[in-house]
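>>> I would like to see how this sequence folds:
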Amino acid sequence: MSWDNATLFADDNPQDAEFRREVRQWVEANCPPELRNRPSRVTPPELKPWHRKLYERGWIAPHWPRECGGMGATLTQQIILYEEISRIGAPTPFPHGLSFIAPILIQVGTPEQKAKHLPGILTGDTTWCQGYSESGAGSDLASLKTRAELDGEHFVVNGHKMWTTNGHYADWIFALVRTDPEAKPRHAGLSLLLIDLKSPGITVRPIRTIRGDAEFAEEFFDNVRVPRENLLGPLNGGWKISTLLLGGERFATSHPRNAAILLNRARQMARHTGACDDAAFQQQLAALEIDLLSYTAYYRHGAQLHALGKSPESMSAVIKLAAGELSQRASELLVQAAGPLGVLSEDIRIGSEAFNAAGDMFEMRRVSVGGGTLEIQRNILAKRELHLPG
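Model prediction:
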């Protein structure tokens, strides 16, 4: 039996049950087969036609208010939509525009900023990336060094961003920059700028990962002039906005479906290789299922609190920790199930599907650092919640 993450805790009322049936039928009929259960990463250009279909159906931004072009969906409907997309192994749209920057634009952006940027995010015509991390400033964002100096009606930006997901495909970047180098504490001198990556003075280079593909990029800014009107929120108010983004990022990237997909692959692989007959493997599989079930309940509860603005500060750190470690365990179980095949760099064919156990395990290594290292999250919980000494 496969782990069906789409029906866990599905206490759908009649209206939501009908919505789930509608979504399931439409996704099954409209998602291109070549995008389902891909062993390799789906790139932004490959995803655009699927993004466009969801947009034309009116389902691309379930969490946006209707007046901004979204569905204005309930939280349950939002979860149903993404669960039904992932149920058939289809990719969900990249979150950097839809779930990271757009909600902040809606909340604190000027009318001109909303009019300029929200339509392209909805249609998928504009690809966004997030410019936070730097060399020496990853989890400790307050130490970032990229400078933006005000010169009349423009900011002049100099510095370097890296580990930028899809940066080499993006049209725009929302970047956290230092606008007051003398500010105390350090985070009080940061601002958030919306930067056109086609601006003169920007060099973008892809970064090849351990998996062998280029998911990330780095950006070099050399006297890049950014219109003052591209400042999002108040000058030197970027830290508060950036923490809002990180909270939303962690809920968007820590969905239980990520570990559930890998768990299902491990099940299939184990049946193919015979590992499913091994008692030790069965025990590990059962332990992972129990932990994933517990996490799914916690995530559902956390998502409800987050939607109401009532989630405790510690919750984003907890889901980051739990989701990352569960996904890593699932990827390791997949490699174990593959046995000698687990070390192969090429895809493993099982029926009509292709698997890449080693690639999935390498992919999951990055969750230890993406969005804040696991060690930093433990420190945050230890100090802020358990009040342990530093």
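
>>> neighbours of Ser368, how many?
Using other Cβ atoms under 10 Å, Ser368 has 12 neighbouring residues. (Each C-beta comes from the backbone N, C-alpha and C, glycine too.)

>>> now it, nearest residue through space, not along the chain?
Computed as Cβ to Cβ, 6 or more residues apart in numbering, the closest residue to Ser368 that is not its neighbour in sequence is Leu374, at 5.2 Å.

>>> which residues does that neighbour contact?
By Cβ atoms under 8 Å, 6 or more residues apart in numbering, the contact list for Leu374 reads 320-321, 324-325, 368.

>>> phi first, then psi, for Phe216.
phi -110, psi 170 (degrees, to the nearest 10).

>>> also the one 10 residues further on?
Val226 has phi and psi values of phi -120, psi 120 when expressed as degrees, to the nearest 10.

>>> picking up where we left off before, quick one: least confident of the contacts of Leu374?
In terms of pLDDT, the lowest of the contacts of Leu374 is Ser368, showing 74.

>>> list the contacts of stretch 357-367.
Contacts of stretch 357-367 (Cβ under 8 Å, 6+ apart): 39-40, 209-212, 262, 265, 269, 323-324, 327-328, 330-332, 334-335, 337-338, 341-345, 348.

>>> narrow those to those in helices?
Among those, the ones falling in helices (DSSP state H) are 262, 265, 269, 323-324, 327-328, 330-332, 334-335, 337-338.

>>> list just the nearest of those to Arg178.
Gly324 (28.8 Å; Cβ to Cβ).

>>> so that closest one makes contact with Ala259?
No: judged on Cβ atoms under 8 Å, Gly324 makes no contact with Ala259 at a distance of 9.2 Å.

>>> now the buried members of the contacts of Leu374.
The neighbour count (16 or more other Cβ atoms under 10 Å) marks 320-321, 324-325 as buried among the contacts of Leu374.

>>> what's the nearest residue to Met364 if we skip its chain neighbours?
Leaving aside its chain neighbours, Met364 sits nearest to Ser331 (4.1 Å; criterion: Cβ to Cβ, 6+ apart).

>>> residues in contact with that neighbour?
With Cβ under 8 Å, 6+ apart, Ser331 has these contacts: 262, 357, 360-361, 363-364.

>>> one more pass at 7 Å, please.
Going by Cβ atoms under 7 Å, 6 or more residues apart in numbering, Ser331 touches 262, 360-361, 364.

>>> cool, and Leu232?
104, 108-109, 113, 174, 192, 194, 241.

>>> hmm, back to that, which among the contacts of Leu374 gets closest to Thr179?
Proximity of the contacts of Leu374 to Thr179 (Cβ to Cβ) peaks at Lys320, which lies at 27.9 Å.
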